[in-house]
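Engineer: I'll drop the sequence and a predicted model, then ask my questions.
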Protein chains: 2
Amino acid sequence: MSRKLTDKESIPAVINDMTLEEKASLITGMSVFRTCGIEHLGIPPVLLLDGGTGINFMQLYQEFIYQATYKINDNEEENSNKSDLEGLYSIGRILPYIGNPSKLSQEDQQILTMANSELNSMKPEGKEPGCFPPGMLLGATWDPETVYVCAKALGKEANAYKIDVLLGTPNVNLHRDPLNGRLFEGYSEDPCLVAKLAPQFVKGIQGQGVAANVKHFAANNQETERMGINEHIPVRALHELYFPGFRACVQEGGVKTVMSAYNKINGKACTENEWLLTEVLRNQWGFDGFVVSDWGAAYDQVEAAKAGNDLVMPGPRSAQPLIDAVKAGRLSESVLDKCIENFLEILIEMPVMKGRKYTDIDTDFSKRAAYKAVAEGAVLLKNKGEVLPLNKSSKVSFFGKNSRKFIESGGGSAEVWTDLSSNLYDSTIEKIGSQLVSFEEINIDTEAVIITVGAKGQEGSDRPDMDIDLADREMLLRVIGEAKASCSKIVVVLNISGPVGMMDWINDVDAVLCVFFPGMEGGHAAADILFGDLNPSGKLPLTFPKYYRDCPTYGNFPGENGEVWYGEGIYVGYRYYDFKGIEPLFPFGYGLSYTSFEISDINLESSIFDMDKGKKFNVKVKVKNTGKMAGKEVVQLYIEAEKSMLKKPPKELKAFKKIALKPGEEKEIIFELGKDDLASFDTGLNQWTAEPGYYKILIGNSSRNITLEGRFKAVGENPYSYG
Amino acid sequence: MSRKLTDKESIPAVINDMTLEEKASLITGMSVFRTCGIEHLGIPPVLLLDGGTGINFMQLYQEFIYQATYKINDNEEENSNKSDLEGLYSIGRILPYIGNPSKLSQEDQQILTMANSELNSMKPEGKEPGCFPPGMLLGATWDPETVYVCAKALGKEANAYKIDVLLGTPNVNLHRDPLNGRLFEGYSEDPCLVAKLAPQFVKGIQGQGVAANVKHFAANNQETERMGINEHIPVRALHELYFPGFRACVQEGGVKTVMSAYNKINGKACTENEWLLTEVLRNQWGFDGFVVSDWGAAYDQVEAAKAGNDLVMPGPRSAQPLIDAVKAGRLSESVLDKCIENFLEILIEMPVMKGRKYTDIDTDFSKRAAYKAVAEGAVLLKNKGEVLPLNKSSKVSFFGKNSRKFIESGGGSAEVWTDLSSNLYDSTIEKIGSQLVSFEEINIDTEAVIITVGAKGQEGSDRPDMDIDLADREMLLRVIGEAKASCSKIVVVLNISGPVGMMDWINDVDAVLCVFFPGMEGGHAAADILFGDLNPSGKLPLTFPKYYRDCPTYGNFPGENGEVWYGEGIYVGYRYYDFKGIEPLFPFGYGLSYTSFEISDINLESSIFDMDKGKKFNVKVKVKNTGKMAGKEVVQLYIEAEKSMLKKPPKELKAFKKIALKPGEEKEIIFELGKDDLASFDTGLNQWTAEPGYYKILIGNSSRNITLEGRFKAVGENPYSYG
């Protein structure tokens, strides 16, 4: 009798009892979102599902349709004669008609009925999942606590849904180019902001027993030719920009799984990239969970296993190439053992082994979390003459279909099907009464028009340009004209996946509020902001350029003929705009409030920082609410090296604090800096180097509004001194 | 008895008679600038010497000091016991003191005396060589005839000096970044301009019996870490930008030798790069001369021979690695045979075999050629209120040491030691008399100050910044202030290796004339221009940006830790400024005249161009001198693809004509376009593709002054249509 998987100590014996075929199948997906179980060894199948913005029903449908294909009649022999592919064919046939099943064959209707029944049985107390905002809005909160709370709510739901690994929690791919179709999923253009926020998402998820999953490792920054695009990236840029979010999720967040990406880096597919998955991820960073390929990204299973990619998804997929390679001596069986050990060490901690913590969804908790994200993350970009907040006795008219239904979470993996939603129009009626609110009409007494415009974003394709969606754009320009004619104030709400061009209309409108993709509570929160029940405090997590041609990546996105050159190197985002002296439309870190703040009294602990003592270096500033409304300010600390061996960007964000202040209230903030905050990655030495010398500390409330400066001398061992 | 090398037919037998050791030594330099001869086979040593701007005496000194080291006494045994390195040691010891030999030991003085005697015996009729302007001024002429005449004069001198291969004739490395120390040696930032001019240089040289040499193949665009810098360059950029000058010298010029460069391209040293030296150079372009390594660039002789690098320079260097490799079976002897065949096929046509055509130097011819280059290439950048030309009765004062001695040819390989020179100050005195000319003093009656400022350029190091040289800069700002105080007109003469920043003084001066490095006749020609005996007609062969940070390469030059990323890809020079919408200070193709021109009456042969008929497509325009002085205009034709599969720059130069017109005179110009002019390099298909569709023809007298437009439809086979 085999031994069974029970705990960490049991793993070696379990592996020892496996046949080669069992080993190979265990690390090769069984179905679309499940792994193979091995019953006699006590290894259950594991459910891996998206995602970072809520439970992805579309994927669950795929999984259940797949399974139902093999269960639709009592004839076990007939079922077992079906090929692995039949389940996939079912998905392709049935998924488009789940809302219209009468178009399906009788057998397919049976499959769908079974899948629906499975899906419904999954729903805790019959409840549908919440829709949480994607990374860009979370990035705009500049608030680790908010990120944690959102993830906690999501983790509770995932646990209740019996999910073992929640994929894309988080997606930390950097904001490289505005046109990336999945830009909205990532947090920021700045690695420090990503690295300080993203680990909180991991903690929030894993605190609820579900394994988190950070994706897509690494530099998955475009959808065009995403399978196999060869990205030529300077190694320094990888370490300084594209890696820190991942490293932080590993080292600060303790993330249990990492998803390897579709793309190549410098000629090598990520799933087959030993430098990436073993040298950097495990040896340098100490990752001890397992690596799962993005769905279909493990182009060569044998090379993937060798490189350190533990699990290949999705199934069904033949494990024969692994078996053959071992038998032919091209792959050591110990490589499979290592993959399995990595996988089982995480599996023993999953809900499928430990049992689930929740049988119900705390929808109120989820809504509060989702609301908090918008409350902290919506960015007020313009507010001429303090037109916002609007008076609750104002007569307003809404324009744009998104006023009645925001794009809440984007398309693809991030898409959430749910009955939970809020909308700006209805939320406003709830707040000020229907007699003051109209839709798409301007009357003589319309005091303000509120125009919501969108810019879609989705997995699978990049945006064609940096504009708002064409129909919305035409509507916007028309309504601006009409509103000006009737002397109404004009408020624009941006419901966007990333930066949009505004140069041809920004001067014609009074206020602009950006809610990005705001999740299920977007409507409520946006209405609260517009009418002053909530003071916005989000700050842009990425630069909004005047024109797309101003971008660092212009001409190098999305590449050509399967090749893309990261020509901007380390100059991504504000690092580039600063370096090239290009004025952005709205800079990184920027966002207005209904109140005003003053930052003062910079105080450095010392004029000298001894880097080799292992201690932190404190910088204090005071911040005061000098306006008439309670609010929150994000104080940002950037560092500038006055002189350095390696070229450095003009300034780099190293710390920030979000602080709530009542009118007139003043608080002191303490920033702690360390040696790491002075370091850059030297590819010659293949290590981070912190160089002695003079550094400036720049404090402000955006990357382009620096109001305080300090200066200190770093002393210690010089990595560039010889002899 | 061995057969002797006599002609092409004799080569196989000669190779057949060589020992392996002879073969290896023949393709490995003997001394600093000479190859090994093999006397019994009738193969003489060959002298390869710089360069493109005149006969390089410094290198001749090196060669003769080296040789003298082994001849200083009659004791043959003692001489022959000296190691190969002793000659090199002598060079190091003696070269710094050739102007001050008393500091040398008695033996070294003897060596120097011998070397001096050899050098003097080389001088045809005792004459010193002429100093010709480097590539940048030739590029500014936009005139193939001028390039040819300069090369012809130089070729005559080289023949008279018994040089067999004149190195760097021409240097066609593209102008990538203003700070490249050798920027001045290259012709242009535009591959079309390079490709139309550079082959004329080859023809001019080879017409005089000397083998020309195009360098440095390829993309040798910086001096920092030049030995072994790894350049990450998109292959499309190589084909479209960095290769066309070389290809034209091979295919149009029939160049006999190519110099392989120090740098690596995408991980592979140029000298060891089979794709570069064999696949591209020989197989694609049909090159049938020999490849010689840059001095010290063949890091691995065996790999170099395999890759297609025929000759390794300099010597002395042991050929043992080649011999060992053949004996060990790592290198086929047939590879050596091929190198030798390539080398001997050119050798049989060299002066050392054919005898020299000239025993004297026609100094007048050389001077006229050098003068013509300045006459055609000096660029008038600014002329407020037509302050130039100056009246010959004007009282003027010169400032700046370069007014009395221009930097004529740059430092390093391009440096020329000669007694031939002209200077602006003395030339002006000759022209208007000494009573009207003063130096570095402003008096009450000084009508104009003429300030010459320099920006050095040299082999071995890049410029630290885009400024004029510091002392000149301080002088310039001071003199501007003084001249304004005395109400003198201010004329600045730029004697520069490339673009310089002018934003902080350009508005304070009346006129700016750029002579680049003008060669030995710079003084005469510049004086003629300033006083109206010559009407300037040069046009910038590269963009002058407002600020260095505006450059396409900013942040990607000169790289770090031995790696540099060509992040700008195909957007070099004006392609980038156009694409990014950045206003340059002076655009590519720009230059003023003392007269004015009108370009009119664009006339396309047809609105449809059938690309597959192998015919040319004619575009006619008229150009008229509408001013009062005879002059020359450069009419430029750019092409814009309205829509294309491959991304293309907004416009690309495809043709140009320089035309001389008397006042009131009008002429018609005919441009011929071909299918190639519509093509871009598709790396997916690994070929040039000309796509059917609409194209615009843009005509103007600079890249930013387009005054005529035409449009045609190209029809023919579509490389992107399938099935």
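Structural biologist: Done, it's in. Computed from a prediction, not measured in an experiment: that's the story for all the values here.
Engineer: mind listing what residue A:644 touches?
Structural biologist: Contact analysis of residue A:644 by C-beta atoms under 8 Å, 6 or more residues apart in numbering or on different chains lists A:680, A:691, A:693. Any C-beta I mention is one placed from the backbone N, CA and C, and that applies to glycine too.
Engineer: Of these, grab the buried ones for PyMOL.
Structural biologist: Selection of buried members from the contacts of residue A:644 for PyMOL, criterion 16 or more other C-beta atoms under 10 Å in any protein chain shown:
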select buried, chain A and resi 680+691
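Engineer: sec struct for the residue in the stretch 501-650 of chain A that chain B sits nearest to, please.
Structural biologist: Nearest residue of the stretch 501-650 of chain A to chain B (C-beta to the nearest C-beta) works out as residue A:567 at 2.3 Å. Put simply, residue A:567 is coil when judged by DSSP: H, G, I helix; E, B strand; the rest coil.
Engineer: what do you get for the one 3 residues further on?
Structural biologist: Three-state call for residue A:570 (three-state DSSP): coil.
Engineer: Can you report how many residues neighbour the closest residue to it other than its chain neighbours?
Structural biologist: Spatial nearest neighbour of residue A:570, excluding adjacent residues (C-beta to C-beta, 6 or more residues apart in numbering or on different chains): residue A:237 at 5.0 Å. Using other C-beta atoms under 10 Å in any protein chain shown, residue A:237 is surrounded by 22 other residues.
Engineer: A helix includes residue A:237, no?
Structural biologist: Yes - counting by three-state DSSP, residue A:237 is found in a helix.
Engineer: who touches it in this structure?
Structural biologist: Residue A:237 touches A:566, A:569, A:570, A:572, counting by C-beta under 8 Å, 6+ apart.
Engineer: Likewise for residue A:441?
Structural biologist: By C-beta under 8 Å, 6+ apart, the contact list for residue A:441 reads residue A:397.
Engineer: Can you give me the pLDDT of the residue nearest to residue A:570?
Structural biologist: Residue A:237 carries a pLDDT value of 98.
Engineer: Write out the residues of the stretch 451-600 of chain A neighbouring chain B.
Structural biologist: A:547, A:549-550, A:554-556, A:560-563, A:565-569, A:571, A:579-581 (C-beta under 8 Å from any C-beta of the partner chain).
Engineer: Now compare the contacts of residue A:237 and name the two farthest from each other.
Structural biologist: Maximum pairwise distance among the contacts of residue A:237 (C-beta to C-beta): 9.5 Å, between A:566 and A:570.
Engineer: CA atoms only for stretch A:451-461, dumped as PDB, please.
Structural biologist: Below are the C-alpha coordinates for stretch A:451-461, written out as PDB (Å, rounded to 0.1, in the frame of the first residue of the first chain):
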ATOM      1  CA  ILE A 451     -19.700  63.000 -19.300                       C
ATOM      2  CA  THR A 452     -18.300  59.600 -18.700                       C
ATOM      3  CA  VAL A 453     -15.900  58.300 -21.400                       C
ATOM      4  CA  GLY A 454     -14.200  55.000 -21.700                       C
ATOM      5  CA  ALA A 455     -11.100  53.500 -23.100                       C
ATOM      6  CA  LYS A 456     -11.200  49.700 -23.200                       C
ATOM      7  CA  GLY A 457      -8.500  47.400 -22.200                       C
ATOM      8  CA  GLN A 458      -8.300  43.600 -22.600                       C
ATOM      9  CA  GLU A 459      -6.200  40.600 -22.700                       C
ATOM     10  CA  GLY A 460      -5.300  39.400 -26.200                       C
ATOM     11  CA  SER A 461      -4.900  42.700 -28.000                       C
END
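Engineer: So for it, what gets flagged as buried?
Structural biologist: A:451, A:452, A:453, A:454, A:455, A:456, A:457, A:458, A:459, A:461.
Engineer: Among these, which ones are in helices?
Structural biologist: Counting by DSSP state H, no part of the buried residues of stretch A:451-461 is found in helices.
Engineer: biggest separation within the residues you listed, which pair?
Structural biologist: Greatest spacing in the buried residues of stretch A:451-461, by C-beta to C-beta: A:451 and A:459 (27.8 Å).
Engineer: ok so, going back, pretty sure the residue of the stretch 501-650 of chain A closest to chain B contacts residue B:566?
Structural biologist: Yes - between residue A:567 and residue B:566 there is a contact at 7.4 Å, judged by C-beta atoms under 8 Å.
Engineer: and the one helix or strand residue A:149 maps to, how far from the chain's centre?
Structural biologist: For residue A:149, the host element (DSSP states H and E) is helix A:144-160. With C-alpha atoms, centre = their mean, to the nearest Å as the basis, helix A:144-160 stands 14 Å off its chain's centre.
Engineer: ok, now how distant is the nearest residue to residue A:170 once chain neighbours are set aside from chain B?
Structural biologist: Counting by C-beta to C-beta, 6+ apart, residue A:170 lies nearest to residue A:201, which is 4.2 Å off, once chain neighbours are set aside. Distance check for residue A:201 against chain B: by C-beta to the nearest C-beta, to the nearest Å, it reads 32 Å.
Engineer: quick check, residue A:201 in a helix?
Structural biologist: Yes - assessed by three-state DSSP, residue A:201 belongs to a helix.
Engineer: That one: neighbouring residues, count only.
Structural biologist: Neighbours of residue A:201 under the rule other C-beta under 10 Å: 31.
Engineer: all strands for the stretch 351-500 of chain A, in order.
Structural biologist: A:379-383, A:396-399, A:437-439, A:448-455, A:489-496 (DSSP state E, counting those that start in this stretch).
Engineer: Which residues of chain A lie near chain B?
Structural biologist: Residues of chain A lying near chain B (C-beta under 8 Å from any C-beta): A:232, A:234, A:236, A:547, A:549-550, A:554-556, A:560-563, A:565-569, A:571, A:579-581, A:646-647, A:682-684.
Engineer: circling back: between the contacts of residue A:644, which is closest to chain B?
Structural biologist: Closest approach between the contacts of residue A:644 and chain B, by C-beta to the nearest C-beta: residue A:680, at 10.1 Å.
Engineer: Just list the residues touching that closest one, thanks.
Structural biologist: Neighbour list for residue A:680: A:236, A:240, A:644, A:646, A:648, A:688, A:689 [criterion: C-beta under 8 Å, 6+ apart].
Engineer: For it, give its distance to residue A:290.
Structural biologist: From residue A:680 over to residue A:290 the distance is 31 Å, taken as C-beta to C-beta, to the nearest Å.
Engineer: And for residue A:195?
Structural biologist: According to C-beta to C-beta, residue A:195 and residue A:290 sit 22 Å apart.
Engineer: Report the secondary structure state of residue A:48.
Structural biologist: strand.
Engineer: Bridged to it, which residues?
Structural biologist: Going by DSSP bridges, residue A:48 is paired in beta bridges with residue A:165.
Engineer: thought it was touching residue A:169?
Structural biologist: No - in this structure residue A:48 lies outside contact range of residue A:169 using C-beta under 8 Å: 11.1 Å.
Engineer: Which one's more surrounded, the two?
Structural biologist: The residue with more neighbours, out of residue A:48 and residue A:169, is residue A:169; 30 against 26, by other C-beta under 10 Å.
Engineer: can you pull the pLDDT of the more buried one?
Structural biologist: At residue A:169, pLDDT is 98.
Engineer: In contact with the residue nearest to residue A:648 when sequence neighbours are not counted, which residues are there?
Structural biologist: Once flanking residues are discounted, residue A:648 sits nearest to residue A:641: 5.0 Å by C-beta to C-beta, 6+ apart. Residue A:641 sits next to A:648, A:678, A:691, A:693, A:694, A:695 when contact means C-beta under 8 Å, 6+ apart.
Engineer: CSV for these, including secondary structure, distance to residue B:332 and pLDDT?
Structural biologist: Listed next are those as CSV, based on DSSP: H, G, I helix; E, B strand; the rest coil; distance: C-beta to C-beta, whole Å; pLDDT from 0 to 100:
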residue, secondary structure, distance to residue B:332, pLDDT
A:648, coil, 50, 97
A:678, helix, 55, 98
A:691, coil, 50, 97
A:693, strand, 55, 97
A:694, strand, 59, 98
A:695, strand, 58, 98
